[in-house]
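need a structure here:
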Amino acid sequence: MRKRKGLRKVLGTILAAELIALPTLISSRTSYSPKTSPQRHQPQKYERSLDDYLNEERPLKISESYDVRDYESQIKEMIKRHEGIRYRSYRDSEGHRTIGIGFNLERKDARRRIEMMGYNFRDVFYGRQKLLKKDIEALFEEDFYGAEKVAKKFAGNSWGYLNYSRRAVLIDMAYNLGQEKLYGFKKLRKALQKQNYEKAAEEMVDSKWYRQVKGRAKELVRMMRYGK
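Just a heads-up that it's a prediction; the model follows:
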């Protein structure tokens, strides 16, 4: 009888100890240290760039880029697509002798620039001699930066308000038309100064140039109107 009472006492002591330790055991299993506890997923915030903010309604066809070289390369490719590349002279839509990437062989400085490259100007003019690709590119590079200067001067103070697509329009037109003819678009210039791009597009349509270059003009009008 005494043995049974002693056994019960021992078992009671063990059970009491386990009950006391149980909360601690449960707590240790369910708690996590700062190093191992799972982190809640934090959704990434969408950070808009300056270009996204300025052009959020209408994304540009000529992409907005902080790299000026990238911006220039896109405009150059557009002009090359519009002008085409010809190694021998041909007559353009107005009947002018042209070569390369829209280089007018009837302009005042044409002979000097062609002969500086070592060519016979008359042979080039009449299509008896081709230009090398590197020389075509050299002519284009010089004329591109000349067209950019003309476009900036034409736009005046409004240049700073134009996005890259609308700047590209003016550079393309300056390259195609030259300074004198571009300056004939007086109403276009006024519309740009007022930042009225719908009106600017209408003035481009209402011109001899629009009827002559057709597909090219339609693309540039769309870019002027919508900024892309």
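
what residues are up against Leu188?
200, 203-204 (CB atoms under 8 Å, 6 or more residues apart in numbering). (C-beta placed from N, C-alpha, C; glycine too.)

who's in contact with the strand ranked longest in the chain?
Assignment by DSSP state E gives strand 86-91 as the longest strand of the chain. By CB under 8 Å, 6+ apart, the surrounding residues in contact with strand 86-91 are 97-100, 105, 124-127, 129-131, 133, 136.

ok, and the helix or strand in the protein with the lowest average confidence?
Lowest by mean pLDDT, DSSP states H and E among the helices and strands of the chain is helix 50-54, with a mean of 40.

tell me the mean pLDDT over the helix or strand just after it?
Sequence order places helix 68-83 as the next helix or strand after helix 50-54, per DSSP states H and E. On average, the pLDDT along helix 68-83 is 90.

tell me which strands and helices helix 68-83 is in contact with?
With contacts taken as 3 or more CB pairs under 8 Å, 6 or more residues apart in numbering; DSSP states H and E, helix 68-83 sits against helix 133-155, helix 164-177.

in PDB, list the C-alpha atoms belonging to that helix.
Only the C-alpha atoms of helix 68-83 are listed here, as PDB (Å, rounded to 0.1, in the frame of the first residue of the first chain):
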ATOM      1  CA  VAL A  68      21.900  62.600 -76.300                       C
ATOM      2  CA  ARG A  69      23.700  60.200 -78.600                       C
ATOM      3  CA  ASP A  70      20.800  57.800 -78.500                       C
ATOM      4  CA  TYR A  71      18.300  60.500 -79.300                       C
ATOM      5  CA  GLU A  72      20.400  61.700 -82.200                       C
ATOM      6  CA  SER A  73      20.900  58.100 -83.600                       C
ATOM      7  CA  GLN A  74      17.100  57.600 -83.700                       C
ATOM      8  CA  ILE A  75      16.500  60.800 -85.600                       C
ATOM      9  CA  LYS A  76      19.400  60.000 -88.000                       C
ATOM     10  CA  GLU A  77      17.800  56.600 -88.700                       C
ATOM     11  CA  MET A  78      14.500  58.200 -89.400                       C
ATOM     12  CA  ILE A  79      16.000  60.700 -91.900                       C
ATOM     13  CA  LYS A  80      17.900  57.900 -93.600                       C
ATOM     14  CA  ARG A  81      14.700  55.900 -93.900                       C
ATOM     15  CA  HIS A  82      12.900  58.900 -95.400                       C
ATOM     16  CA  GLU A  83      15.700  59.900 -97.800                       C
END
